[in-house]
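Take this sequence and fold it.
(one chain, ligands or ions: 1)
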Amino acid sequence: MQTPEETRTVTRTASRRSALRLLAGAAVTATAAAAGGAEAAAGTGGTEAAAGAEGHSRAATAPGTRVDDLVARLTLPEKTSLLHGASDPHTLGQAGHVPGVPRLGIPPLRLADGPAGVRVTARATALPAPVLLAAAFDPGLARRYGQVIGREGRALGQDVLLSPMVNLIRTPYAGRNFETFAEDPLLAADLVAAETEGIQGEGLIATVKHFALNNQEKDRETVDVRVGERALHEVYLRAFEAAVAARTGAVMAAYNKVGGTHAGENADLLTGVLRERWGFDGLVMSDWSATHSTAAALAAGLDLEMPDGKHYGAPLLKAVTDGTVPEAHVDRAVRRVLTVMDRFGLLDADPPPRPARDAAAGAAVAREVAEAGATLLRNERGTLPLAPGRTVAVIGPTGDRPLVGGGGSAHVVPDRADRPLDTIGARAARVTYALGEDVFGKRLPADALAPAADTDSRHVPAGETWTYDGTLTVPEADEWTFLLHYSAEPTRRPEVRLGDENLFPLAPGYTEYFPGGLVTAAPDGLAVRRRTLRLTAGRHRLRITAAGGKDGQTFRLRRITGATRAADVAEAVRAARAADDVVLFAYEDATEGQDRTALSLPGGQDRLIDAVTRANPRTTVVLNTSSAVTMPWLARTGAVLQMYYPGQEGAAATAAVLYGECDPGGRLTQTFPADGDRHPVAGDPRRYPGTHGTVEYTEGVHIGHRWYDARGVRPLFPFGHGLSYTSFAYTDPEARPVRGGGLDVSFTVRNTGRRDGVTVAQVYLGPSPDLRLDQPVRALAGYRRLALRAGERRRVTVRVTSRTLSCWDPRRHDWVLGTGRRTVWIGASSADLRLRTGADAGALA
Ligand code: BGC
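Residues are numbered from 1 along each chain as shown. Below you'll find the model as predicted:
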């Protein structure tokens, strides 16, 4: 008789088999595994580096020896202890820890975030956000980015890196768009392959995340993603597949559900696709606290529960002892964990030595990436580059307090971070600074509170409680932002009630623990919360309760009002008028755990930019934002430079680009919509943010720029857009079928200007006439980043791989080559197509 658990397992296996039958027989798949690397190579000639990528990971001992021997000698409690996280007695501040089994020489594993550098308590190189790295369209640079993190992770005591993240940018609202690469599957695939090789070549195990379809933060722990098989394989899995082909050691399952089942217990994904179709031989871990079951998750292919053992600790031990979970499932997961450790030499008697940090090398790469990804969106009237020796007004909070990186698990403690005000000041005749947009608030006026009280620097000693019950007088009806700065952890922050309203209620879950990067900590480190309300004139009851707890509590209650905002804007306008040039830093502070609620810049920044550009049209807006923002003020600006979160060397890179010491090398890896109503997931809540717990990807394969082309919608800035300080001509296109499959697309690029500069030549591909499938009008099929001296000309060949020429056929559950004549465009963005040619994709395949 079958136990209920066995029945479940059998049913799951049966359904998995049918899923596999659906996915089986992959003529193109064998090429596809190699295609990730081939695509990376096509971009920058990455093949040599790929060959050395396993440099530090050692050849695993012959199968059946060390790992099998260990599995045989481990006790059941020891085995289950290797399948879940536990607290680290010697923590270095990393996200996770799996204790080892010292008796058998199995060392502990330390697992650290993340995407823009190693997140531990110690300082590390804070690299530019991955979205900025991606803007360089340069897999070779992604490899070096990975090498920096790989070496630092090892130097900082880590074994596993919780990165790269490759969930595509599907909606401009998604809170983690800065942590990932692009809206385009081909570019994301190339970059993750190269970065993974870079990380692992230094001996650190990479974890590609979040598998799969974690494309929004809103309801991320519960939302059920419904996507067609075609878009799943062609679009959303492509970068994961490339990471597996690049031999990532680990995969992190996503929070969300896919087709009704949590990603962490989804056998179709974790076993059917990952192991059986792609041949993944590493370990699969859960996202943090994203495991929902014991037997089902383990059977589905989730090997490691993080960060604790809620399901794989005592419950797993009991389930095996009771006979409801076969020990073979435990052994399989343990074997996978140990196999990865063995591959990286961690089980050796003399494990690879940990290198020292090379902070200077990290900083150099951080600077190079920030310059290479700097994306000049607009440049009118010769606003940029700035001429040295003129007066400059620097305006905006991130001009003074650099926005180094995003919030949440991607936050890194930087080695250092300069102020843009200083790096610009070093090049200008004179620099003035105006805040323009207040992010930390001003003290409450003494006469506003009755009875009078100092709410600006209160310390409540341990064990004591301070209470206030009085009135706040508001002189005229106005919009007020209250700001609470406090030192205790969120659950103990002071309670502030205005009338009956609790101004700073505790938000659920991660929203509290993963606030954004810049504006959620005051310069002295106190946490900051904000609340904006419209207040009527008159007296409002104000009550504050602040508990000292066991460590004491320091807090401030501040405010921003219409009057203080107006004064800040007026000061900025005065500074703008008095200067030759203006550099206005605008920010938007995104984080995991929540999506943005608007595409506009937060606070009063739109009004500030409007006022400043009216005062001085030679204004450059530098955007320190996570993703696309709307720009109602665009036409009045001189220039707009997108720097995202530029890392610890961001100030130096920003100034170097502004002054033309280097060419702005970045191009958009996501389309910027004109407004919140015209983008791929606008206007239909079923698509985003979802209804009844479900989000439907009904746009199919038409993600990002493909959707704009399909619908004929004009974006604010198209995918691939970015200006140089020089100009380029594209001529002589030719497309030739390649023996064995693929097309070689050749063309000539000439720098026609008087400065050296960078262009990113992009190759787009039209649909196959032979496939009766809904194909993109144009899909990105290849690209080449080119640095050309003034007047220099270069003939370029970009390989379009068989995979790129193929579609996933949902009737055959397999790839099918898109034969027939394929139109090929070559251009400087998805909307700036300069050349057109074509070739028969099936000719030599
Ligand atoms: C995030 C992961 C991260 C983990 C550990 C989770 O909330 O989704 O990306 O690696 O926390 O910090």
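
pLDDT at the closest residue to residue 842 other than its chain neighbours, what is it?
By the measure of CB to CB, 6 or more residues apart in numbering, the closest residue to residue 842 outside its immediate chain neighbours is residue 819, 3.0 Å from it. The way it works is simple: take the backbone N, C-alpha and C, and place the C-beta from them, glycine included. Here, the pLDDT recorded for residue 819 equals 96.

right, and residue 819 touches residue 767 too?
No: counting by CB atoms under 8 Å, residue 819 stays clear of residue 767, with 11.4 Å between them.

The residue nearest to residue 308 when sequence neighbours are not counted and residue 567, how far apart?
Nearest residue to residue 308 in three dimensions, chain neighbours excluded: residue 85, at 5.5 Å (CB to CB, 6+ apart). For residue 85, the distance to residue 567 (CB to CB, to the nearest Å) stands at 50 Å.

okay, the two: which has more neighbours?
residue 85 (25 against 14; other CB atoms under 10 Å).

Who are the contact partners of the residue positioned nearest the centre of the chain?
Centroid-nearest residue in the chain, with CA atoms, centre = their mean: residue 179, separated by 1.2 Å. Contacts for residue 179 (CB atoms under 8 Å, 6 or more residues apart in numbering) come out as 114-116, 129-131, 165, 406, 410, 592.

Reformat those as a markdown table; add neighbour count.
Conversion of those to a markdown table gives the following (neighbours: other CB atoms under 10 Å):
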| residue | neighbour count |
| --- | --- |
| 114 | 27 |
| 115 | 31 |
| 116 | 34 |
| 129 | 34 |
| 130 | 35 |
| 131 | 30 |
| 165 | 27 |
| 406 | 31 |
| 410 | 28 |
| 592 | 26 |
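
which among the residues you listed are in contact with the ligand?
When CB under 6 Å from any ligand atom is applied, the members of these adjacent to the ligand are 114, 592.

Of the contacts of residue 179, which belong to strands?
Within the contacts of residue 179, no residue falls in strands by DSSP state E.

Need phi/psi at the nearest residue to residue 109 once chain neighbours are set aside.
Distances taken as CB to CB, 6+ apart place residue 98 nearest to residue 109, at 4.3 Å, with adjacent residues excluded. The phi and psi values for residue 98, taken as degrees, to the nearest 10, are phi -120, psi 120.

same check, this time on residue 79
phi -60, psi -50.

Quick one: residues contacting it.
Applying CB under 8 Å, 6+ apart to residue 79 gives the contacts 71, 330-331, 334.

Swap in 6 Å and give it another go.
330, 334 (CB atoms under 6 Å, 6 or more residues apart in numbering).

Likewise for residue 256?
Applying CB under 6 Å, 6+ apart to residue 256 gives the contacts 214, 220, 223, 225, 263.

Report the buried residues of stretch 342-358.
342-347, 351, 357 (16 or more other CB atoms under 10 Å).

Most neighbours among the contacts of residue 256, please name it.
residue 214 (29 neighbours).

Give me the phi and psi for the nearest residue to that residue once chain neighbours are set aside.
Leaving aside its sequence neighbours, residue 214 sits nearest to residue 254 (CB to CB, 6+ apart; 3.9 Å). Phi and psi for residue 254, reported as degrees, to the nearest 10, are phi -80, psi 170.

Measure how buried residue 254 is and give me the count.
25.

one step back: Serialize the contacts of residue 179 to CSV and add fields for pLDDT and distance to residue 302.
Output for the contacts of residue 179, formatted as CSV (pLDDT from 0 to 100; distance: CB to CB, whole Å):
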residue, pLDDT, distance to residue 302
114, 92, 21
115, 96, 22
116, 97, 26
129, 98, 29
130, 98, 25
131, 98, 29
165, 98, 19
406, 88, 27
410, 90, 23
592, 88, 21
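
Mind telling me what element the nearest residue to residue 274 once chain neighbours are set aside is part of?
Leaving aside its chain neighbours, residue 274 sits nearest to residue 280 (4.6 Å; criterion: CB to CB, 6+ apart). If you go by DSSP states H and E, residue 280 is not part of any helix or strand.

Mind exporting the C-alpha coordinates of stretch 547-556 to CSV?
Below are the C-alpha coordinates for stretch 547-556, written out as CSV (Å, rounded to 0.1, in the frame of the first residue of the first chain):
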residue,chain,number,x,y,z
ALA,A,547,10.6,53.0,24.7
GLY,A,548,14.2,52.8,25.5
GLY,A,549,14.2,49.0,25.4
LYS,A,550,17.4,47.3,26.6
ASP,A,551,19.8,49.5,24.6
GLY,A,552,18.2,52.9,24.8
GLN,A,553,16.7,54.8,21.9
THR,A,554,17.6,58.0,20.1
PHE,A,555,15.0,59.6,17.8
ARG,A,556,14.0,62.8,16.0
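
who touches the residue nearest to residue 214 in this structure?
Here residue 254 is in contact with 210-211, 214, 263 (CB under 6 Å, 6+ apart).

try 8 Å
By CB under 8 Å, 6+ apart, the residues touching residue 254 are 167, 209-214, 220, 263-264, 287, 290.

Can you give me the domain boundaries for this protein?
Using automatic domain parsing, the domain ranges for the chain come out as 4-351, 372-670, 728-840.

Any idea which residue of the stretch 201-350 of the chain lies closest to the ligand?
Nearest to the ligand, among the residues of the stretch 201-350 of the chain, is residue 288, at 3.8 Å (CB to the nearest ligand atom).

For residue 619, which non-adjacent residue is closest in space?
Counting by CB to CB, 6+ apart, the residue nearest residue 619 is residue 582, at 4.1 Å.

from memory the one you found sits against residue 393, does it?
Yes: between residue 582 and residue 393 there is a contact under CB under 8 Å: 4.8 Å.

anything in contact with each of those two?
Any residue near both residue 582 and residue 393 by CB under 8 Å, 6+ apart counts here, and that gives 575-576, 616.

The ligand contacts on the stretch 201-350 of the chain?
Contact residues (CB under 6 Å from any ligand atom) of the stretch 201-350 of the chain with the ligand: 209, 287-288.

Let me know the closest of these to residue 560.
Comparing those against residue 560 with CB to CB places residue 288 closest, at 34.3 Å.

and residue 502, how far is that from residue 389?
Counting by CB to CB - residue 502 and residue 389 are separated by 54 Å.

Repeat that for residue 457.
On the measure of CB to CB, residue 457 and residue 389 end up 42 Å apart.

what does residue 84 give?
Distance from residue 84 to residue 389, by CB to CB: 62 Å.

Ok, residue 380 next?
For residue 380, the distance to residue 389 equals 22 Å [CB to CB].

Looking only at neighbour counts, state which of those two leads.
residue 380 (14 against 10).
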